[in-house]
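**Q** Structure for this input, please:
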Amino acid sequence: MSGTAHLVRLVAGALGRAVVASLSLALLVGTGYGWTVQRTLTDRVVTSDVIGSRTVAPEPEQPFTALLVGLDSRTDAAGNPLPPELLAELRAGTDEGQLHTDTIILLHVPGGPRARAVAISIPRDSFVTLADGSGPHKINSAYGRATEDAKAALEEQGVRGAELDRRSRDAGRRALVATVEKFTRIPVDHYAEINLAGFVEMTDAVGGVPVCLRRPEREVRSGVDLPAGLQVVGGSDALAFVRQRRGLEDGDLDRIARQQAFLAGMASRMLSTGTLSDPAAVRRLIDAVTRHVVLDRGWNLDRLITQFGRMSGGDIRFVTIPTGTPALDTPVDGIAVQVNPTQVQAFVRDTIRATDTVPEPDIVTTAPAMPVPSTSPTPSSPAPSTTPTTAISAAGVTCVD
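**A** You can find the predicted model right below:
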């Protein structure tokens, strides 16, 4: 395999595994214009001190765990508001003034050659104890709560504008990382974040992504209006596909299956069409990354390329943490997804340990559902008995609800 072809496969695999487009641009190293693109990314990509000095990032050949976040944000990576016409095109809905993390994934990449990674999805509505001491809340509120608290304090100090947004958002990112670490007992080595517009621009840059629905879907709030069967989605339709949860039997859990199928479809698209060898597509990806992606400062381009280069062999394994009822009636946040931290910690630990020691065979999207613990608030409906599993691979397109 040629160096360029290998890098195309490398990056396509990485994109299928990560929400962020920046990982795909590693393919440009080794091409005729690779140095220029590498310099552009190094100079323009937005970074954050979310990881800071509290931990030492692993060397490229060592295992690492990254927190990948899809953010419901109406600003770009630098904190500038998205144009109203763009938000209308995205069908983003009403801005409720809160920063919610719609997608939360722990990506673990083992050490050694031909690493087979695992992506562990955490439902955004999981009812967990936040790391800031505010008690149990939905996990997707950790970022927004800390951001607003930091913003209020910084405004009192006279901080304004882009600096206010940057510093308060960094506080939000650190709070989310701390909450995920507290919830899973797994240290986070790297962080990557993308917003609504970046997700759409990434999808359009590769010519859309193949997905498959078991039945037609039409839902007003998300804007989804898609037929049943195999199809290619892009733009606002792609965003609606991964954001819908109303009208789905298991709400947030079904949405996670959509997200996992979409990521596998994106990898399939790149592998089958050679999208990343198209200079025009690459330029569009660069634009999306530099405007809408945030990486931790320790994840420089050289390290990122080396780490994700180990992932070129085999498919990623998608899993979801064990959950109870998706209709847990909470005293503070309304309806949430029930989770048992002890069970989740054991599941995440065992999943990562198996990935580090034994190649995983097939790909599943969910873990078995957990029993209702006696110490949890009384749910409004019984916990599901078993969550079905579905094979998802970049080699094909899996139909989902």
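**Q** Surely Leu106 is within a helix?
**A** No - using DSSP: H, G, I helix; E, B strand; the rest coil, the assignment for Leu106 is strand, not a helix.
**Q** so the closest residue to it other than its chain neighbours, which of the three states?
**A** Leaving aside its sequence neighbours, Leu106 sits nearest to Ile120 (CB to CB, 6 or more residues apart in numbering; 4.3 Å). C-betas here are computed from N, CA, C, even on glycine. Look at Ile120: counting by three-state DSSP, its state is strand.
**Q** Isn't Pro216 up against Gln231?
**A** No - assessed by CB atoms under 8 Å, Pro216 is found out of contact with Gln231, at 10.8 Å.
**Q** contacting residues around the residue nearest to Leu106?
**A** Contact analysis of Ile120 by CB atoms under 8 Å, 6 or more residues apart in numbering lists 105-108, 319-321, 348, 351.
**Q** May I see the buried residues of the top helix by length along the chain?
**A** In the chain, ranked by residue count with DSSP state H as the criterion, the top helix is helix 161-184. Within helix 161-184, the residues that count as buried by 16 or more other CB atoms under 10 Å are 164-184.
**Q** Low-confidence stretches in the stretch 201-350 of the chain?
**A** 267-268, 270-276, 300-315 (pLDDT under 70).
**Q** how about the helices in this structure?
**A** 3-17, 34-44, 84-90, 141-156, 161-184, 196-205, 235-243, 252-273, 279-292, 301-309, 341-357.
**Q** now these as TSV including distance to Asp72?
**A** Shown next, in TSV, are these (distance: least, CB to CB, whole Å):
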stretch	distance to Asp72
helix 3-17	21
helix 34-44	24
helix 84-90	11
helix 141-156	9
helix 161-184	12
helix 196-205	7
helix 235-243	8
helix 252-273	13
helix 279-292	13
helix 301-309	25
helix 341-357	23
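**Q** The ones you listed: which one's closest to Arg124?
**A** Counting by CB to CB, Arg124 lies closest to helix 252-273 out of the helices of the chain; the figure is 6.1 Å.
**Q** buried sites along the closest one?
**A** By neighbour count on 16+ other CB under 10 Å, the buried set for helix 252-273 is 252-271.
**Q** re the thing from before, please, a PyMOL command that selects the buried ones among the contacts of Ile120?
**A** A single PyMOL command is used to select the members of the contacts of Ile120 judged buried by 16+ other CB under 10 Å:
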select buried, resi 105+106+107+108+319+320+321+348+351
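**Q** mind putting the contacts of Ile120 in CSV, distance to Leu285 included?
**A** Shown next, in CSV, are those (distance: CB to CB, whole Å):
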residue, distance to Leu285
Ile105, 20
Leu106, 24
Leu107, 19
His108, 25
Val319, 27
Thr320, 28
Ile321, 30
Val348, 31
Thr351, 30
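**Q** before we move on, the earlier item: ok, Pro216 and Gln231, which is more surrounded?
**A** Neighbours per residue, other CB atoms under 10 Å: of Pro216 and Gln231, the larger number sits with Gln231, 16 against 11.
**Q** could you list every residue that touches Trp184?
**A** For the record, residue 184 is Thr, not Trp. Counting by CB under 8 Å, 6+ apart, Thr184 touches 106, 122, 321, 344-345, 348.
**Q** can you put the residues you listed in JSON lines and add distance to Val220?
**A** Converted to JSON lines, those look like this (distance: CB to CB, whole Å):
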{"residue": "Leu106", "distance to Val220": "32"}
{"residue": "Ile122", "distance to Val220": "27"}
{"residue": "Ile321", "distance to Val220": "30"}
{"residue": "Val344", "distance to Val220": "33"}
{"residue": "Gln345", "distance to Val220": "38"}
{"residue": "Val348", "distance to Val220": "36"}
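**Q** Report the residue spans of the stretch 1-150 of the chain with pLDDT below the cut-off.
**A** Along the stretch 1-150 of the chain, the model assigns pLDDT under 70 to residues 1-43, 53-60, 74, 78, 87-99, 112-115.
**Q** what about 50?
**A** 1-33 (pLDDT under 50).
**Q** buried set for stretch 218-236?
**A** 219, 222-224, 226, 231, 233-234, 236.
**Q** Could you check how many residues crowd around the residue nearest to Val224 when sequence neighbours are not counted?
**A** Nearest non-adjacent residue to Val224, counting by CB to CB, 6+ apart: Ala240, 3.9 Å away. Ala240: 20 surrounding residues under other CB under 10 Å.
**Q** Ala240: what's it in contact with?
**A** Counting by CB under 8 Å, 6+ apart, Ala240 touches 91, 219, 222-226.
**Q** swap in Asp401?
**A** Listed by CB under 8 Å, 6+ apart, the contact partners of Asp401 are 213-215, 248-249, 254, 257.
**Q** Please indicate which of those residues are buried?
**A** Buried by 16+ other CB under 10 Å: 213, 248, 254, 257, out of those.
**Q** CSV for those, including distance to Trp299?
**A** Formatted as CSV, the buried ones among the contacts of Asp401 follow (distance: CB to CB, whole Å):
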residue, distance to Trp299
Leu213, 35
Leu248, 33
Asp254, 31
Ala257, 28
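**Q** Which single one of those is nearest to Val188?
**A** Ala257 (23.9 Å).
**Q** Tell me which two in the buried residues of stretch 218-236 are the farthest apart.
**A** Glu219 and Gly234 (18.5 Å).
**Q** any idea how far Val282 lies from Phe127?
**A** As judged by CB to CB, to the nearest Å, Val282 and Phe127 stand 42 Å apart.
**Q** Ser141 is in contact with Leu130, correct?
**A** Yes - between Leu130 and Ser141 a contact is recorded at 7.5 Å, counting by CB under 8 Å.
**Q** Pro187 - how many residues pack around it?
**A** 13.
**Q** Compute the distance between it and Glu181, please.
**A** In terms of CB to CB, Pro187 sits 6 Å off from Glu181.
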